[in-house]
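Peer 1: structure, please.
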Amino acid sequence: MYKALNFFKPNKIQFISIRRFSTANVKPVFDKILIANRGEIACRVMRTAKKMGIKTVAIYSEPDANSNHVKLADEAVCVGPAASRESYLNIPVILKAIKDTGAQAVHPGYGFLSENPAFVEALEANGIVFIGPGSFSMKAMGDKIESKKLAQKAGVNIIPGFIGEVTDENHVLQIAREIGYPVMIKASAGGGGKGMRVAWNDEEAKTGYRLSKEEAKNSFGDDRMLIEKFVDEPRHIEIQVIADGQGTTLYFNERECSIQRRNQKVIEEAPSPFLNPETRRAMGQQAVQLANAVNYKSAGTVEMLVDSKRNFYFLEMNTRLQVEHPITELITNQDLVELMIRIAAGQKLNLSQNDIGIDGWAIESRVYAEDPYRNFLPSIGRLTRYREPDVENGLVRIDGGVGEGSEISMYYDPLICKLATKGATREEAIERMKRALDNYVISGVRSNVSFLRSVMDNKTFISGKLTTKFIPEQYPKGFKGYDLNNNQVDNLISSAATIHALRLIRDSTISGQLKSFEQSKQQTFVINFGEHKKTVTITIGNDNNNNNEANIKFETKNEINNLNLNQIQWSINSPIFKANNGQTNLDIQVISINANNYILQYCGTQFEVIVDTPLQSQLRKYIPETKKTDSANSLLSPMPGSIISINVKVGDKVHMGQELCVIEAMKMQNVLRAERDAIIKSVRTTVGSIVQVDAVIIEFEALEN
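Peer 2: Residues are numbered from 1 along each chain as shown. Just a heads-up that it's a prediction; the model follows:
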């Protein structure tokens, strides 16, 4: 079934175009294309298609019926239930949707069928154009084992390792010992960090092989594995290439993608702060050599590892549009999706390598529905409040596929949006990203905005000295939130006092109150948050009765300090309190208000702030503390997901570190282990069950001794 829709969401993506194509014998572009994907990338492709005057067809699974990509399309076709293999990976059903709607071409986005040669061959057999490379190129580069062989023949540097398929755990151990630990075990097919593990010893090699093989089979339908030397202290830098299949292959410079969690990129930037022009040119030339060696056509990305001496090694080639392509578009002023569509229509690219420059600096933050305080485990739920930051005339770019009321489900990738900022310099792009993150309102699910915001102020990140170990090295005990300095503490206290005072002033305007409820514009508060406790006297407004200014006096034993806020913008229903302290702009999100208890989000992190009168502060010590529930004898689910395996039974004795069960969410498998020696008292779930976050999976009892 399909339905026609007239909904069109205004385009928040802006391009300054210098693209050029040959006008001789130009074939017309398409009347209608189908986007074989969902979420933000489907919306992204549709926006360019609409700009080009091309009608679009969306496909969707049953849970996605009300998704933004469905609303944005001219037509939409349901292709099956939630499971990807029955919907977004269901080639026969998608082919029927193409025929029923009369689409002339298909853009695959990334993921799902974007690198599936069988899908490309099926389209070719039915006379439908695939907006991407041919099946030959896809097969050649989609197999990591064969691609390494081809890269070596094409004169591209490769990582030392075993060029072939590993067959079982014993084979893995044999090769790992020959190469020497650490090693990277990864799927021959696919990408996106799935089916990939680093092993530092035999035990990790065996576990990594088993889990990676299962993930690869579930995600790509291909569980062949390879193993190679893990390059220590590496940077992950990739080269964007475009080929028209008619003799022109160009590289569109690089993207630095070193900040990753679970081998998935989180923050990218272009250009890299590490490359010099000579290395950039050498990497670009090798990327072009590889593309030409497989007769490549369309957009593709050659990923490389770069060591501390700027030696670089081929990692893989992604034969599709990359997730992080927006930052390349921002620094080259090119629309890569439009290039792909025009090349697929047979148009020849009329650009030379000299036309591809670097205009400024761009940074992308991937905003995920995940909990950085729980090792970035996914979060599901409905976006109860959602407001994107201002685009600032194209200097802030938002590639999203959700809106207020959208559902983040456990079935698909938890990406909310890709937030990109551009500046004349790296420093300017970072500052713009800070402001954009501070103004990004997301409620209903947990997000990684707090972590992203923390990185923007991280000294190592600011220095540009990045490796793929950035997260474990900079956050060795896990992410604990933003660590405010003294000035930032005063900013937060001043903002909380101002918000509370403004509320009291507003309340005093309600008619019919007793005299004792009238509020003065000068108030004294005792403010508590965390380990901080300060007494402040705040005066709101000026002689002109203007409430957009505030003076805050901090009283300590030794001195009184003053802080002035001006340009105050806040009303009772506004999610963001804005002000200027004379040196910097403050953007503080008001998450919740409960009497004089506030949850405020500052620098991405949420803080509980209590604003008391002096008397309330004195009486607070008599309020009993709420005791926390003891979960020491239970294994709780750290995320919503599906139980893949349970490896213990009631009565078993388990030791610390032993694998208890495996839970899958967002197509990633996670092992849950015992935190101490114990006896299994009860198993509260079964294989195949869906569990919610903090659900009890297993109960323990202590060993007798």
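Peer 1: what about the stretch 251-400 of the chain, any weak spots by pLDDT?
Peer 2: Along the stretch 251-400 of the chain, no part satisfies pLDDT under 70.
Peer 1: go again using 90 as the cut-off
Peer 2: The stretch 251-400 of the chain contains residues with pLDDT under 90 at 261-264, 307-309, 350, 374-375, 377-381, 392.
Peer 1: would you map the helices across it?
Peer 2: For the stretch 251-400 of the chain, helices defined by DSSP state H, counting those that start in this stretch occupy the ranges 277-293, 325-332, 336-344.
Peer 1: so what does the second one touch, helix or strand wise?
Peer 2: Here helix 325-332 touches strand 249-261, strand 264-270, helix 336-344, strand 361-368, strand 396-400, strand 415-423, going by 3 or more Cβ pairs under 8 Å, 6 or more residues apart in numbering; DSSP states H and E. In short, each C-beta sits where N, CA and C put it, glycine included.
Peer 1: now that helix and strand 415-423, what's the angle there?
Peer 2: Helix 325-332 and strand 415-423 are oriented at 10 degrees to each other (axes from the mean of the first three to the mean of the last three Cα atoms, to 10 degrees).
Peer 1: restricting to C-alpha, output the longest helix seen in the chain in CSV.
Peer 2: Ranked by residue count under DSSP state H, the longest helix found in the chain is helix 486-508. Extracted in CSV, the C-alpha atoms of helix 486-508 (Å, rounded to 0.1, in the frame of the first residue of the first chain):
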residue,chain,number,x,y,z
ASN,A,486,34.7,28.4,39.9
ASN,A,487,33.4,31.0,37.4
GLN,A,488,30.9,28.5,35.9
VAL,A,489,29.7,27.6,39.4
ASP,A,490,29.0,31.3,40.0
ASN,A,491,27.2,31.5,36.6
LEU,A,492,25.0,28.6,37.5
ILE,A,493,24.2,30.0,41.0
SER,A,494,23.5,33.4,39.6
SER,A,495,21.2,32.0,36.9
ALA,A,496,19.3,29.9,39.4
ALA,A,497,18.8,32.9,41.7
THR,A,498,17.6,35.0,38.9
ILE,A,499,15.1,32.4,37.6
HIS,A,500,13.7,31.9,41.1
ALA,A,501,13.5,35.7,41.7
LEU,A,502,11.7,36.2,38.4
ARG,A,503,9.2,33.5,39.3
LEU,A,504,8.5,35.2,42.7
ILE,A,505,8.0,38.5,41.0
ARG,A,506,5.6,37.0,38.5
ASP,A,507,3.7,35.2,41.3
SER,A,508,3.4,38.5,43.1
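Peer 1: next helix or strand past that helix?
Peer 2: strand 522-529 (DSSP states H and E).
Peer 1: average pLDDT across that following strand?
Peer 2: Averaged across strand 522-529, pLDDT comes to 92.
Peer 1: pull out the buried positions in stretch 219-233.
Peer 2: For stretch 219-233, the neighbour count (16 or more other Cβ atoms under 10 Å) marks Ser219, Phe220, Asp222, Asp223, Arg224, Met225, Leu226, Ile227, Glu228, Lys229, Phe230, Val231 as buried.
Peer 1: out of these, which comes closest to Val129?
Peer 2: Phe220 (24.1 Å; Cβ to Cβ).
Peer 1: ok, the closest one touching Met196?
Peer 2: No - under the criterion of Cβ atoms under 8 Å, Phe220 makes no contact with Met196, lying 11.7 Å away.
Peer 1: which residues do these two both contact?
Peer 2: Shared contacts of Phe220 and Met196, defined by Cβ atoms under 8 Å, 6 or more residues apart in numbering, comprise Ala187.
Peer 1: the residue nearest the centre of the chain and Lys194: what is the separation?
Peer 2: Nearest to the geometric centre of the chain sits Arg366, at 2.8 Å (Cα atoms, centre = their mean). Taking Cβ to Cβ, to the nearest Å as the measure, Arg366 falls 15 Å from Lys194.
Peer 1: please apply the same query to Thr613.
Peer 2: 55 Å.
Peer 1: tilt between the longest helix of the chain and strand 522-529?
Peer 2: 130 degrees.
Peer 1: just checking, what packs against helix 486-508?
Peer 2: Going by 3+ Cβ pairs under 8 Å, 6+ apart, helix 486-508 lies up against strand 522-529, strand 532-540, strand 550-555, strand 560-569, strand 576-580, strand 585-594, strand 597-602, strand 605-612.
Peer 1: secondary structure element for Lys681?
Peer 2: Assessed by DSSP H and E, Lys681 sits inside strand 678-683.
Peer 1: partner strands of the helix or strand just after that strand and their direction?
Peer 2: Moving toward the C-terminus from strand 678-683, the next helix or strand (DSSP H and E) is strand 690-691. Paired neighbours of strand 690-691 in the sheet (DSSP bridges): strand 641-646 (antiparallel).
Peer 1: what separates the partner strand from the chain centre, distance-wise?
Peer 2: Mean C-alpha position of strand 641-646 versus that of the full chain (Cα atoms, centre = their mean, to the nearest Å) differs by 24 Å.
Peer 1: which other residues reach that strand?
Peer 2: Against strand 641-646 from outside (Cβ under 8 Å, 6+ apart): 214, 378, 410, 660-666, 669-670, 683, 685-691, 697.
Peer 1: quick check: angle from it to strand 678-683?
Peer 2: With the same axes, to 10 degrees applied, the angle from strand 641-646 to strand 678-683 works out at 120 degrees.
Peer 1: okay, buried residues for strand 641-646 please.
Peer 2: Gly641, Ser642, Ile643, Ile644, Ile646.
Peer 1: how far away is the fourth one from Met410?
Peer 2: Noted for Ile644: a distance of 13 Å to Met410, by Cβ to Cβ.
Peer 1: can you check the first one too?
Peer 2: Taking Cβ to Cβ as the measure, Gly641 and Met410 are separated by 6 Å.
Peer 1: what does Arg310 show for phi and psi?
Peer 2: phi 70, psi 20 (degrees, to the nearest 10).
Peer 1: I figured it hits Arg280, correct?
Peer 2: No - counting by Cβ under 8 Å, Arg310 does not reach Arg280; the two are 9.9 Å apart.
Peer 1: out of those two, which sits in the busier spot?
Peer 2: Arg280 (20 against 16; other Cβ atoms under 10 Å).
Peer 1: what sits against the more buried one?
Peer 2: Asn253, Glu254, Pro271, Ser272.
Peer 1: which one of these has the most neighbours?
Peer 2: Result: Glu254 is most packed of the contacts of Arg280 (other Cβ under 10 Å), 28 neighbours.
Peer 1: show me the contacts for that one.
Peer 2: Ile237, Glu238, Ile239, Gln240, Ala270, Pro271, Ser272, Leu275, Arg280, Met283, Gly284.
Peer 1: and for Tyr60, nearest residue in space, chain neighbours not counted?
Peer 2: Computed as Cβ to Cβ, 6 or more residues apart in numbering, the closest residue to Tyr60 that is not its neighbour in sequence is Val70, at 5.0 Å.
Peer 1: isn't the one you found up against Val79?
Peer 2: No - taking contacts as Cβ under 8 Å, Val70 lies outside contact range of Val79: 11.5 Å.
Peer 1: what's the overlap in contacts for the two?
Peer 2: Both Val70 and Val79 are in contact with Tyr60, where contact means Cβ under 8 Å, 6+ apart.
Peer 1: one step back: for Thr613 and Lys194, indicate the residue with more neighbours.
Peer 2: Neighbour count, other Cβ under 10 Å: between Thr613 and Lys194, Lys194 has more, with 22 against 13.
Peer 1: so that one: helix, strand or coil?
Peer 2: Assigned by DSSP: H, G, I helix; E, B strand; the rest coil, the conformation of Lys194 is coil.
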